[in-house]
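Peer 1: what's the 3D shape of this:
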Amino acid sequence: RFYHNFDLVILDEGDAYPFPENRMLQFGVEKARCPGGKLVYLTATPTSWMLAQARKSKVDVIKIPARPHGFPLPVPKFLKIAPLQKNKRGFMLQRQVLEIAAELLKKPGNRIFLFVPSVVMTSLVGEALRSAAGKYPLDYLKPDNVQWTHAGDRDRKLKRDRFFAGEFPLLVTTTIMERGVTVPRVNVLVLEAAQEGIFDTPTLVQIAGRCGRSPDYPTGEVWFISREISRSMREARSQIIVMNKEAQRKGYLRKDWEEILKKIVF
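Peer 2: The predicted model follows:
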């Protein structure tokens, strides 16, 4: 309907579903551009066909390996355990997971995005956290400080807005929160991160990217927790490290970023 209508077309999150696999959408975007016009894809995780076009010099690539605030991207840490276990009362989270969450939430104003691979797991993990609330190591956490959501949750927007506003510190979610979300003072935990059918490399990079976005809180912790270390987990971590090294080499990072982080109380 906008045939040859725009001199410039900018497609944000060009790797996001359903665009990469939908030839009709790709055709529509191409046809909306005027002859000789420019098409710009914006994405932190380019698809394989985008990279192939770049290798063939069919498109120009502008890489920005740092955020505007000049601090490096938080690098994911790995914890190799089965995070969720079944007992007589239902399901419980491993003590190491609870200890990580407790340590992060001790810092004033801190929040946690806890990502899981399925809708069923949102409630299982959410209930497990509520059961653990008020006991060591989460002895200062109240049960209603834990919420969970997914695409089929009618209250997902309300919960998201309340989480953003700091009304509760811990939100269990599926990948519906993987991109386009900026929450200050947020840390990220991914349970069963080795499930590559859900958590492939681009998804893990996007999820890790929820952390450290705010200039007031330019860092934070990212944990990939699973009984195995998948190739996608390693690749996501490697990509983030490479971006930080490139940002340092090109002078995009603040020269005093390490000193500043030492002075800030998180």
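Peer 1: low-confidence regions, the stretch 151-266 of the chain specifically.
Peer 2: 264-266 (pLDDT under 70).
Peer 1: tell me the secondary structure at Tyr41.
Peer 2: Per DSSP: H, G, I helix; E, B strand; the rest coil, the secondary structure class of Tyr41 is strand.
Peer 1: wait, doesn't it sit right on Met50?
Peer 2: Yes - counting by Cβ atoms under 8 Å, Met50 is a contact partner of Tyr41 at 6.4 Å. Quick note: C-beta positions are derived from backbone N, CA and C, even for glycine.
Peer 1: residues of the longest helix along the chain that come out buried?
Peer 2: Counting residues, the longest helix found in the chain (DSSP state H) is helix 231-249. The neighbour-count criterion (16 or more other Cβ atoms under 10 Å) identifies Ser232, Met233, Ala236, Arg237, Gln239, Ile240, Met243, Asn244, Ala247 as the buried residues of helix 231-249.
Peer 1: do stretch 91-103 as well
Peer 2: Applying a neighbour-count criterion of 16+ other Cβ under 10 Å, the buried positions in stretch 91-103 are Met92, Leu93, Gln94, Val97, Leu98, Ile100, Ala101, Ala102.
Peer 1: my read is that Ile225 contacts Ala193, right?
Peer 2: Yes - taking contact to mean Cβ under 8 Å, the distance of 6.1 Å between Ile225 and Ala193 places them in contact.
Peer 1: so the two - more neighbours on which side?
Peer 2: Neighbour count, other Cβ atoms under 10 Å: between Ile225 and Ala193, Ala193 has more, with 30 against 26.
Peer 1: what about the closest residue in space to that one that isn't next to it in sequence, which SS state?
Peer 2: Leaving aside its sequence neighbours, Ala193 sits nearest to Phe224 (Cβ to Cβ, 6 or more residues apart in numbering; 3.9 Å). Put simply, Phe224 is strand when judged by three-state DSSP.
Peer 1: use 16 as the first number for this chain going forward.
Peer 2: Noted, 16 is the first residue going forward, which turns the last one into Phe239.
Peer 1: ok, the spatially most central residue of the chain to Asp215 distance?
Peer 2: Nearest to the mean C-alpha position of the chain, by Cα atoms, centre = their mean, lies Ile222 at 1.4 Å. Relative to Asp215, Ile222 is positioned 11 Å away (Cβ to Cβ, to the nearest Å).
Peer 1: swap in Pro132?
Peer 2: Distance from Pro132 to Asp215, by Cβ to Cβ: 11 Å.
Peer 1: just Val112 next, same as before
Peer 2: Val112 is 22 Å from Asp215, by Cβ to Cβ.
Peer 1: same deal with Leu186?
Peer 2: 22 Å.
Peer 1: same check on Phe183?
Peer 2: Using Cβ to Cβ, we find Phe183 at a distance of 30 Å from Asp215.
Peer 1: element containing Gln221, please.
Peer 2: Element membership for Gln221, per DSSP states H and E: helix 216-223.
Peer 1: so that helix versus strand 237-241, what angle?
Peer 2: With axes from the mean of the first three to the mean of the last three Cα atoms, to 10 degrees as the basis, helix 216-223 and strand 237-241 are set at 130 degrees to each other.
Peer 1: coming back round to it: Leu186 and Asp215: who's more crowded?
Peer 2: Set Leu186 next to Asp215 and count neighbours by other Cβ under 10 Å: Leu186 wins out with 24 against 16.
Peer 1: what strand or helix carries the more buried one?
Peer 2: Element membership for Leu186, per DSSP H and E: strand 185-188.
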